[in-house]
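1. Here you go, sequence then predicted model.
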Number of protein chains: 2
Amino acid sequence: MKQKPTLKVIAKELDVSVSTVSKALRDSKEISDETKQKVKAFAKLYNYRPNNIALSLKNKKTKTLGVIIPEIVHHFFTTVISGIENFANDKGYNVIVGLSNESFKKEVINLEMLANGSIDGFIISVAKETLSFKDYHHLSETIDQGIPIVMFDRVIDEIECDKVIVDDIETSKKAVQKLIENKCQKIGIISTKDYVSVGRLRTEGYKNALTENNFTVDENLILKIDDKFNSDDNLEFLEVQISEYINNNDIDGVFAVNELYAITAMKVARQKGLRIPEDLQIIGFTDGVLSKHAFPPLTTISQHGFEMGEEAAKLLIDRLESVSDDEENYITSIVKTEIISRETTKF
Amino acid sequence: MKQKPTLKVIAKELDVSVSTVSKALRDSKEISDETKQKVKAFAKLYNYRPNNIALSLKNKKTKTLGVIIPEIVHHFFTTVISGIENFANDKGYNVIVGLSNESFKKEVINLEMLANGSIDGFIISVAKETLSFKDYHHLSETIDQGIPIVMFDRVIDEIECDKVIVDDIETSKKAVQKLIENKCQKIGIISTKDYVSVGRLRTEGYKNALTENNFTVDENLILKIDDKFNSDDNLEFLEVQISEYINNNDIDGVFAVNELYAITAMKVARQKGLRIPEDLQIIGFTDGVLSKHAFPPLTTISQHGFEMGEEAAKLLIDRLESVSDDEENYITSIVKTEIISRETTKF
DNA sequence: TATCAACACGAAAACGTTGTCGCTGCAATG
DNA sequence: CATTGCAGCGACAACGTTTTCGTGTTGATA
């Protein structure tokens, strides 16, 4: 087992000083070509790599981004991580991932665990529990300490920082508009409780589309699922709620606020003998594996998670590397969405 | 913006030495109760947290694990990460994620980027390209430098290190056995090229099951998909291959080496007018969202990714924290699999 | 009153790196 | 020959922390 060589051992071995070795490796003009050759050859031979930790300490920069998300077994979030990784790696940054599991406490712990010098900045999608508690002190304190945060998807209006979102209102309006154009008469929405910002906004877009087309908004057609935690754990509960909803309302079009809700709606509709899209047209949100491989393939809205991730990473790194330190000049970046028409809608 | 306080500023503020502050905070008995109170109160007030980087440099331990996987938009891998995170966090470790995108070069870069002191050890599932190139120098060199590696799922026999796998041969044998018991007469397998260890082993298990039941092994029934890269990029290609395969062989049972192959097989079978499971029974490998939400729900083998992740993290942390430094004493941990019977098999 | 332990604290080194500054010796200049 | 200039290198501080090893003061004991 070869131990990693340090400047010190190279220096001793070559009988020069540490500073000389350092300078030689960085091609300083203070050092003679002869010495440079010697040092570089030796360094190469022993596969010298500067110790990152020492550099971090000296530079007060870790070149590492902290990403905190509610769950990782989730297509959208992993797509975003991909985008973050892609951009960050290109810029020489590493990505360290923390999972909140939708829990406020775990989110706080994760933040504190990393905010002690381990990372230069955060990219966060906040936990549902945090949103429902409305307790954001950990976030504002982090920003206060000079560690920048970029929020994506689930953002908090009260906190000032860079944000990356889709235009939820406009997007869901487009989706409902499509349902209307497809001759749906009675259109429902399967959404989340209002404390989840995306759910609230998408419901708003749904309502807007209806009123603009002279449909009356029927609150009975608005289902707000209450799943505080990881949705995979209470699938039956979800199914029961959606089943009741579909049985009680003879809708012919439904907009679901995420993929899972849409797929579940398809499932219960099929059990009820409804044909898709003849009897019921469905549009989902977030284009993941499920939508693509569902039967029939689900018409859905693509959030372009990869681009969101890239954009979030770009905003964060820009802020980290900007010398001007212009706080309060925060950017909210809105990434475009797109309806992917597949087979759960007539057109 | 409050800057993070250091021991030095606390010391200056309280007019004591840095050592005194450090000792007071760590409850050293060298320090009087009075001073301790004073220091602790001040530290709390200014929300002092020891700088992790400085600690890492001093202790030569980062308390960070590097996880390198081929892709992250992938149910199995994210499940494993969940397990790793879960275990690692409990032990006070962070997890830094690197993506190889199935590329040898990116795997090497990721490894080098982290092996300079940023992490204490690696958990890796190697890229397909690495497996096909058979170039493992980056892995052996890392181990040589004293950085332990734990491999999972896709492992390399030639490299000595801790490993976490499922018993692929035995598991796929069980699956095929089930197909046989379900009265299938002509059973095929959709696998990968042989350089992917899991594909090779699962094919072996398939053959074993057949011969043990006095079936003849027909090489035409063995489809070895050649997808060197991210499988999502060439879905059509995949579909074409599987479609040809199913059209040319009138099989009534098929074992697919992963979820996507199984789902695609279902799709082309449906297009061909085959009923599932009446005309064709299908078993997949890796229980992900697709299997659960497919129509009909797919019978599949659960690899227990979460447990694999936990086990990998455990092996790595055990090795990191073991004082005895007993190299060569490597463990290969085999986690149990389980057949989840759903509706693509008769029983 | 002299000796000594106990107590409470400070100085300094170390982890690996970079950059500033200063020093030495040699060549070129007047 | 004396001065200057510069090439080439080393010493040292600094980043923030922990820990070892002093060191000075106090109070008690002989």
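-> Nice, thanks for sending it over.

2. domain assignment for chain A?
-> By the record's domain assignment, chain A is partitioned as A:7-50, A:62-165+A:305-335, A:168-303 (automatic domain parsing).

3. among those domains, which is nearest residue B:342?
-> Nearest to residue B:342 among these is domain A:168-303; the distance by CB to CB comes to 13.1 Å. For the C-beta atoms, the positions are set from N, CA and C on the backbone; glycine is no exception.

4. the strands in the stretch 101-250 of chain A, which residues?
-> A:121-124, A:149-152, A:162-166, A:187-192, A:222-225 (DSSP state E, counting those that start in this stretch).

5. what about those strands, which gets the closest to residue B:30?
-> strand A:121-124 (37.7 Å).

6. Could you please name the strands that closest one pairs with and the direction of each pair?
-> Partners of strand A:121-124 in the sheet, by DSSP bridges, are strand A:64-69 (parallel), strand A:149-152 (parallel).

7. how far does the helix or strand just after the longest one sit from the chain's center?
-> It refers to strand A:64-69. Under the assignment DSSP states H and E, the closest C-terminal helix or strand after strand A:64-69 is helix A:75-90. Its chain's C-alpha centre and that of helix A:75-90 lie 8 Å apart, by CA atoms, centre = their mean, to the nearest Å.

8. quick one: buried residues of helix A:75-90?
-> A:75-89 (16 or more other CB atoms under 10 Å in any protein chain shown).

9. and the next helix or strand after that helix, how far out from the chain's middle?
-> Where DSSP H and E defines the elements, the next helix or strand beyond helix A:75-90 is strand A:94-99. Distance, stretch centre to chain centre, for strand A:94-99: 12 Å (CA atoms, centre = their mean).

10. Next: stretch A:86-97.
-> Here stretch A:86-97 is found 15 Å from its chain centre; the criterion is CA atoms, centre = their mean.

11. what about it, near chain B?
-> Yes. Using CB under 8 Å from any CB of the partner chain, stretch A:86-97 reaches chain B at A:89, A:94-97.

12. Now do the contacts for residue A:306.
-> A:79-80, A:82-83, A:86 (CB atoms under 8 Å, 6 or more residues apart in numbering or on different chains).

13. Also residue A:32?
-> Residue A:32 is in contact with no residue at all, counting by CB under 8 Å, 6+ apart.

14. just to revisit the earlier point, quick one: which of the strands of the stretch 101-250 of chain A is nearest residue B:329?
-> Going by CB to CB, the one of these nearest residue B:329 is strand A:121-124, 39.6 Å.

15. can I get the strands paired with strand A:121-124 in CSV with distance to DNA strand D, mean neighbour count and mean pLDDT?
-> Shown next, in CSV, are these (distance: least, CB to the nearest atom of the strand, whole Å; neighbours: other CB atoms under 10 Å in any protein chain shown; pLDDT from 0 to 100):
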stretch, distance to DNA strand D, mean neighbour count, mean pLDDT
strand A:64-69, 16, 26, 98
strand A:149-152, 21, 26, 98
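
16. For those strands, could you give me a markdown table that also reports distance to DNA strand C?
-> Listed next are the strands paired with strand A:121-124 as a markdown table, based on distance: least, CB to the nearest atom of the strand, whole Å:
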| stretch | distance to DNA strand C |
| --- | --- |
| strand A:64-69 | 17 |
| strand A:149-152 | 27 |
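
17. Out of these, flag the one nearest residue A:162.
-> strand A:149-152 (4.5 Å).

18. Where does the stretch 151-300 of chain A get nearest to DNA strand C, which residue?
-> Using CB to the nearest atom of the strand, the single residue of the stretch 151-300 of chain A nearest to DNA strand C is residue A:162, 28.8 Å away.

19. from memory that residue sits against residue A:328, does it?
-> No. Between residue A:162 and residue A:328 there is no contact under CB atoms under 8 Å: 11.5 Å.

20. of the two, who's got more company?
-> More crowded of residue A:162 and residue A:328, by other CB atoms under 10 Å in any protein chain shown: residue A:162, with 24 against 5.

21. ok, what's across the strand from that one?
-> residue A:150.

22. got the contact list for it?
-> Counted by CB under 8 Å, 6+ apart, residue A:162 has contacts A:148-151, A:312, A:315-316, A:319, A:330-333.

23. So what touches the one helix or strand residue A:40 maps to?
-> Mapping residue A:40 onto the secondary structure by DSSP H and E places it in helix A:33-45. Residues outside helix A:33-45 that contact it (CB under 8 Å, 6+ apart) are A:5, A:10, A:13-14, A:16, A:20-21, A:24-25, A:27, A:31, A:48.

24. and that helix, how far from the chain's centre?
-> Chain-centre distance of helix A:33-45: 45 Å, with CA atoms, centre = their mean.

25. Skipping adjacent residues, who's closest to residue A:113 in space?
-> residue B:94 (6.6 Å; CB to CB, 6 or more residues apart in numbering or on different chains).

26. Just confirm that neighbour contacts residue B:63, I think it does.
-> Yes. When contacts are counted by CB under 8 Å, residue B:94 is listed as touching residue B:63 (6.6 Å).

27. and residue A:254, helix, strand or coil?
-> strand (DSSP: H, G, I helix; E, B strand; the rest coil).

28. ok, residue A:141 - how many residues close by?
-> 16.

29. actually residue A:39, not the one I wrote
-> If we define neighbours as other CB under 10 Å, then residue A:39 has 23 of them.

30. Highest neighbour count among the contacts of helix A:33-45?
-> That'd be residue A:21 among the contacts of helix A:33-45, by other CB under 10 Å, with 27 neighbours.

31. wait, does whatever helix or strand it lives in contact DNA strand D?
-> Per DSSP H and E: residue A:21 is located in helix A:18-25. Yes. Residues of helix A:18-25 contacting DNA strand D under CB under 7 Å from any atom of the strand: A:18-20.

32. how close does the nearest residue to residue A:177 once chain neighbours are set aside get to residue A:170?
-> The spatially closest residue to residue A:177, leaving aside those adjacent along the chain, is residue A:209, at 5.2 Å (CB to CB, 6+ apart). Distance, residue A:209 to residue A:170, using CB to CB, to the nearest Å: 10 Å.
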